[in-house]
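Asks: Using only what follows, build the 3D model:
(chains A and B)
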Amino acid sequence: MAPGQGTQQQFRYTQTPSKVLHVRNLPWDSAEEELVALCRPFGKIVNTMCNVGANKNQAFVEFADLNQAISMVSYYASSSEPAQVRGKTVYIQYSNRQEITNNKSTGDVPGNVLLVTIEGVESGDVSIDVIHLVFSAFGFVHKIATFEKAAGFQALIQYTDAETAASARNALDGRSIPRYLLPEHITTCHLRITYSAHTDLSIKFQSHRSRDYTNPFLPVNPSAIEGSVQPLLGPDGVKKETESNVLLASIENMQYAVTIDVLHTVFSTFGTVQKIAIFEKNGGMQALIQYPDVTTASIAKEALEGHCIYDGGYCKLHLTYSRHTDLSVKVHNDRGRDYTVQDTGVLMTSQAPSLPTTTGWQVYPQSTSTYIGNDFTATGQVTVPHGQVTTWNPSLSSGSFASASNMFPSQTFATPVSHYPVSTASTAPAGLLQASQESSQYGLLANAQPAAAPTTQPPYYTT
DNA sequence: AGCACA
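Replies: Residues are numbered from 1 along each chain as shown, chains lettered A, B, ... in the order given. Predicted coordinates for the structure are as follows:
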C-alpha cells in the first residue's frame, strides 16, 4: 500500500454525511448559544460539544436527524454568504463520528439524582411545581434544578437515595406528563430519564428554575420569579433570542376578542401561516404562529412587534421566538388550526394577500410605542400579564407599570415618527392594512368584535 | 482553518 493512502478512506477529510457536524474557526470565546443559533434553523439540535481543539475554537453539533445536518451543509455549500458567528466565517463539515459522546453524563450509573429531559416543551410550559408533583409520587424530593440546554428543557431531581431514584426512573422514563398538568397547546411531553453524576445539588435560590425543599428559609431570587424566563445573553450582554419559524405572540390590552381568524389574517401578510394555536397563560392570551421558515417568521416579528391590531392601543402584539419548530395542532376549532391539511377547507382562501396598491387607510404612528415593550423585551419570554406588576423585578423594569394604561406617558424611548410614507411602509404597515381591509370585507373581524367595537372606524395598526 | 471522548 502506498504511504498516506488508506484503503478505508481515500482522503482523511472526505466526509460521509453524519448528523454530527464539525465546526471550526469559531471565535475563541464563543458560547454554546451562538453555535445553537447558527444551527437551529436547520433542525433540532440534540447535543453539542464546545471548546474543542488546542485553540478551543472548534465545536460539534449533533442534529436529531441526518437530513437536518445535510440541509445545513448543503445550504452553506451553495450559499453566497458563508456561515458566520459574530462576523467571523466558520467552516462546517460532517464529523467523522456519528454521534457526540460526552463523558460528563454517565447515564447508567445509579445514583440519587436523576437527569430528566422533558421533550417537546420549552421551559415556560412545565412549571417546577408540576415537576415536583410528578416526581413526589415516588418519595421525598429534596431539590430540583431546571435548565435549558441544546437537548431541551432539563431538570435534575434529587432524592434521598438511589433506590427511590430508581423507582421514579423505572416508572416515568418514556412516559408523558399528564395532559391536564400541561398547557393546552402541548400534546406530547415525554420524559427521558438517566442518572446524574451529581449526589447533592447546590441550590442558591428558590426560584422558578430551582427549589430546595429541605430548606424553606432559602431566599427567593427576585430576578427569577415565576413567569419570567432568563433570556439568553449574547456576547455583549444584550439579550439574544434563538430564532425560530414559530412565533410566540402575547396580546396585551385585549379589549376586543382576537380570534384565530384575526391572527391568521394579520400574520398571513408575511407568508404562509402553517399552524396557529392559542391558549391562556397567566390570565392573558398567547398564540403560537408557525411559518414554514425562520426568515418569514423574523420578518413578521420585526414588522408586527409592538403594533396594535385595533386603534387606541388595543390588542397590542408582543412577539418572541418560540422554541417550538413544529406545532402539533390536531384540532380545527377556536383554539387551534392546521392550515397545512385541507380536510375541512377552513380558511384556505386566505393565502398570502397580493401586494396592496392603495389602501385608503392611514397609519397612525403612536407616540408610546414601547411603554411596556421594553419591559417585555428585557425579560425574554412574554408571560407577565397585567395585574401582576407587584411581583415584577424592579431592576428589569425601566418604567413604572402604573403608567401602563391607556394614559400614555408623554416621554418615549422611540423616536416619534410623524408620518409614514406609504412607500417605505410597503413591507409592513401597508401590508397590514391590506390584511385588515380584507378581513373587513370578509367580515372576519366583525364576528370577533363586541358591539362596542369601533365599527365606524376600521381597524388599523399603530407602532 | 481540519475532529472530542476512552
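Asks: and whichever residue of the stretch 51-200 of chain A sits closest to DNA strand B, what pLDDT?
Replies: Relative to DNA strand B, the nearest point of the stretch 51-200 of chain A is A:R97 (2.9 Å; CB to the nearest atom of the strand). In short, each C-beta sits where N, CA and C put it, glycine included. In the prediction, the pLDDT value recorded for A:R97 is 94.
Asks: got a list of what it touches?
Replies: A:S18, A:V20 (CB atoms under 8 Å, 6 or more residues apart in numbering).
Asks: Please look at A:L182 and A:D125 and confirm they touch.
Replies: Yes: if you go by CB atoms under 8 Å, A:L182 and A:D125 touch, sitting 6.6 Å apart.
Asks: Show me which residues of the stretch 1-150 of chain A are close to DNA strand B?
Replies: Residues of the stretch 1-150 of chain A lying close to DNA strand B (CB under 7 Å from any atom of the strand) are A:13, A:15, A:20, A:22, A:24-25, A:49, A:52-53, A:55, A:58, A:60, A:91, A:93-97, A:99-101, A:103.
Asks: which of those are buried?
Replies: A:V20, A:H22, A:N25, A:M49, A:Q58, A:F60, A:Q93, A:Y94, A:S95, A:I100 (16 or more other CB atoms under 10 Å).
Asks: Filter these down to the ones in strands?
Replies: A:V20, A:H22, A:M49, A:Q58, A:F60, A:Q93, A:Y94 (DSSP state E).
Asks: Nearest spatial neighbour of the fifth one, chain-adjacent residues omitted?
Replies: Spelled out, it's A:F60. A:M49 (4.4 Å; CB to CB, 6 or more residues apart in numbering).
Asks: where does chain A have low pLDDT?
Replies: Low-confidence segments of chain A, defined by pLDDT under 70: A:1-14, A:103-107, A:222-240, A:343-463.
Asks: could you redo the last one with a cut-off of 80?
Replies: A:1-15, A:102-109, A:123, A:149-152, A:187, A:221-242, A:281-284, A:330-331, A:342-463 (pLDDT under 80).
Asks: Please name the residues that touch A:N47.
Replies: Here A:N47 is in contact with A:F60, A:V61, A:E62, A:E99, A:I100, A:N102, A:A150, A:A151 (criterion: CB under 8 Å, 6+ apart).
Asks: which parts of the helix or strand where A:I193 lies are buried?
Replies: For A:I193, the host element (DSSP states H and E) is strand A:191-195. Residues of strand A:191-195 classed as buried by neighbour count (16+ other CB under 10 Å): A:L191, A:I193, A:T194, A:Y195.
Asks: Restricting to these, which residues neighbour DNA strand B?
Replies: Okay, of the buried residues of strand A:191-195, nothing touches DNA strand B (CB under 7 Å from any atom of the strand).
Asks: now, among these, which is nearest to A:V294?
Replies: Taking CB to CB as the measure, A:V294 sits nearest to A:L191 out of the buried residues of strand A:191-195, at 28.3 Å.
Asks: And the helices in the stretch 151-300 of chain A?
Replies: For the stretch 151-300 of chain A, helices defined by DSSP state H, counting those that start in this stretch occupy the ranges A:162-172, A:260-267, A:294-304.
Asks: from memory A:S123 sits against A:G152, does it?
Replies: No: using CB under 8 Å, A:S123 is not in contact with A:G152, being 9.3 Å away.
Asks: returning to that earlier point: and the residue nearest to A:F60, what does it touch?
Replies: By CB under 8 Å, 6+ apart, the neighbours of A:M49 are A:A59, A:F60, A:I100, A:N102.
Asks: residue contacts, the last one?
Replies: Contact criterion CB under 8 Å, 6+ apart gives A:N47, A:M49 as the residues in contact with A:N102.
Asks: In three-state terms, how would it be classified?
Replies: coil (DSSP: H, G, I helix; E, B strand; the rest coil).
Asks: and stretch A:272-292, how far apart are its ends?
Replies: One end of stretch A:272-292 sits 7 Å from the other (CA to CA, to the nearest Å).
Asks: How about it, which residues are buried there?
Replies: Within stretch A:272-292, judged by 16+ other CB under 10 Å, the buried ones are A:272-278, A:281, A:284-291.
Asks: quick one: the closest residue to A:I193 other than its chain neighbours and A:F140, what's the gap?
Replies: Spatial nearest neighbour of A:I193, excluding adjacent residues (CB to CB, 6+ apart): A:D173 at 4.2 Å. Distance, A:D173 to A:F140, by CB to CB, to the nearest Å: 20 Å.
Asks: Which residues does stretch A:191-204 contact?
Replies: A:104-119, A:142-145, A:156, A:158, A:165, A:168-169, A:172-177, A:210-212, A:215, A:218, A:221.
Asks: if you set the cut-off to 7 Å instead, what comes out?
Replies: Residues outside stretch A:191-204 that contact it (CB atoms under 7 Å, 6 or more residues apart in numbering) are A:105-119, A:143, A:145, A:156, A:158, A:169, A:172-175, A:177, A:210-212, A:218.
Asks: how's chain A carved up into domains?
Replies: Domain segmentation of chain A under the TED database yields A:20-94, A:113-222, A:246-338.
Asks: Let me know which of those domains is tucked in deepest.
Replies: domain A:246-338 (a mean of 20; mean count of other CB atoms under 10 Å).
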